[in-house]
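coords below, sequence missing:
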């Protein structure tokens, strides 16, 4: 699964019409990242899963990542003071102490709106409905496997297998698009679930995956934005004008697929450059996290990024 993502994204980058990799900027960004250091997000609620037992903590991560999408709605999401869209959702779930399997199974849009502090009839009502549907299915999957821990254990300590398992069991994890008639797998949320479990359990037990370093960038709308600001990605004039006008891009459109896929390929090049510069253990996941943090800086937030209403990210 993970090599399919890399190979598919490399082929998109080679023939892309709207988004282009600028090779000369790659080593410059790599050196900058090496100087800053690569790390994780100490404030991410997914990395400090709540609960008294391993089952509680595993269920918390699965529940959070089941609703870890909606960036296309975030400009109109009612946010917690000083929080981003993601941290508004994740923080509300953490503060509540997570949700039970029964609550996931019975979730409805209005209930999700109350939980996340949203107007049930407001501009994100459809997003709350999608959250409910995603939780409904995740609750079913956990019940089918017997527990959250048994679901994770079925991956056999393989992040690659966990990606495949989630995509097979839950339709909203099937993050596959098409470009010039070719299938392009991305699997953003399925991949990040493995990282969140690893962080929540310190890489031990349910958080141990033998192939975590093989994960790709988690293709969303923020990391490509940061790559563009760093000069690693270049968008054509028409696409850039649409983004600056804050037009929604259609999920699966050539422009949207290219933004995500070329960004994945670009991060692979940044990882290679970091290793050439002496950061031998650099991974795509670490680069993703470092760039994601940059996207939270005021200078990055002040410039529009692409928005798409999708369950993929």
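Cool, got the structure. Keep in mind the model is a prediction, meaning the values are calculated, not measured.

pLDDT below threshold where in the protein?
Within the chain, the ranges that satisfy pLDDT under 70 run 40-42, 46.

And whichever helix or strand residue 111 is part of, what's buried?
Using DSSP states H and E, residue 111 sits in helix 109-115. Using 16 or more other C-beta atoms under 10 Å as the test for burial, helix 109-115 gives 109, 111-113, 115. Quick note: C-beta positions are derived from backbone N, CA and C, even for glycine.

can you put these in JSON lines and add distance to residue 9?
Converted to JSON lines, these look like this (distance: C-beta to C-beta, whole Å):
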{"residue": "109", "distance to residue 9": "34"}
{"residue": "111", "distance to residue 9": "37"}
{"residue": "112", "distance to residue 9": "32"}
{"residue": "113", "distance to residue 9": "35"}
{"residue": "115", "distance to residue 9": "35"}
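
Closest to residue 234 out of the residues you listed?
Lowest distance from residue 234 to these (C-beta to C-beta) belongs to residue 112, with 38.6 Å.

Could you verify my assumption that that closest one touches residue 134?
No - under the criterion of C-beta atoms under 8 Å, residue 112 lies out of contact with residue 134, with a separation of 9.6 Å.

got any residues that touch both of the two?
residue 67 (C-beta atoms under 8 Å, 6 or more residues apart in numbering).

so residue 193 touches residue 58, yeah?
No - counting by C-beta under 8 Å, residue 193 sits too far from residue 58 to count as a contact (10.4 Å).

which residues are common contacts for those two?
Joint contacts of residue 193 and residue 58 (C-beta under 8 Å, 6+ apart) do not exist.

which residues touch the nearest residue to residue 283 once chain neighbours are set aside?
Leaving aside its sequence neighbours, residue 283 sits nearest to residue 213 (C-beta to C-beta, 6 or more residues apart in numbering; 4.8 Å). By C-beta under 8 Å, 6+ apart, the contact set of residue 213 is 281, 283, 285.

Next one: residue 306 relative to residue 221, how far apart?
5 Å (C-beta to C-beta, to the nearest Å).
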